[in-house]
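Build me a structure from this.
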Amino acid sequence: MFMEEMCLLVKNLASQTPPPSEDAVEAVFHEQFDFLNNHLMKWVPSFAAAVANSPAASDIVLYRSCAKLLSGFLEEERDFIALLLG
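Here you go, the predicted structure:
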């Protein structure tokens with residue numbers, strides 16, 4: 001659900017006719033950045049660490065890997081958007 005929110009922000013922007021202004025694009029980047037920081041980054045890193053370090057997950061590489069991948073992706077996405085915003 002949360003990742004869908006991020007996707008919808010970009011999809012709505014990309015489907016605009018005529019193409020959106022630079023201000024509109026920047027506004028969406030700000031929305032994404034705020035959404036990442038105020039929602040996803042508040043719980044995903046600790047959840048992912050708990051999954052990755054769980055004794056139950058030690059035998060299931062898929063869950064450990066998915067948790068690490070999700071956490072890493074969100075950190076990279078946040079850093080990338082911050083870079084774009086300057």
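
can you tell me which residues contact the residue nearest in space to the middle of the chain?
By Cα atoms, centre = their mean, the mean C-alpha position of the chain lies nearest to Leu74, the distance being 4.0 Å. By Cβ atoms under 8 Å, 6 or more residues apart in numbering, Leu74 lies in contact with 36, 40-41, 44-45. (C-beta placed from N, C-alpha, C; glycine too.)

any idea which element Arg78 lies in?
Using DSSP states H and E, Arg78 maps to helix 61-85.

May I see the buried residues of that helix?
64, 67, 70-71, 74, 77-78, 81 (16 or more other Cβ atoms under 10 Å).

okay, and for the protein, where does confidence drop off?
Within the chain, the stretches with pLDDT under 70 are 1-3, 6, 13, 16, 57-59.

mind running it again at 80?
1-20, 55-60 (pLDDT under 80).

got the CA coordinates for stretch 26-35 in CSV?
Provided in CSV are the C-alpha atoms of stretch 26-35 (Å, rounded to 0.1, in the frame of the first residue of the first chain):
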residue,chain,number,x,y,z
GLU,A,26,9.6,19.5,-7.8
ALA,A,27,6.4,19.5,-5.7
VAL,A,28,6.0,15.8,-6.4
PHE,A,29,9.6,15.1,-5.3
HIS,A,30,8.9,17.0,-2.1
GLU,A,31,5.7,14.9,-1.5
GLN,A,32,7.7,11.7,-2.1
PHE,A,33,10.5,12.8,0.2
ASP,A,34,8.1,13.8,2.9
PHE,A,35,6.2,10.5,2.5
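
Can you point out the buried residues in that stretch?
Across stretch 26-35, burial judged by 16+ other Cβ under 10 Å covers 28-29, 31-33, 35.

Out of these, which comes closest to Ile60?
Each of the buried residues of stretch 26-35 was scored against Ile60 by Cβ to Cβ, and Phe35 proved nearest at 29.7 Å.

Follow the chain on from the helix or strand the closest one falls within and name the next helix or strand.
Assigned by DSSP H and E, Phe35 belongs to helix 22-35. Using DSSP H and E, the next helix or strand after helix 22-35 towards the C-terminus is helix 41-53.
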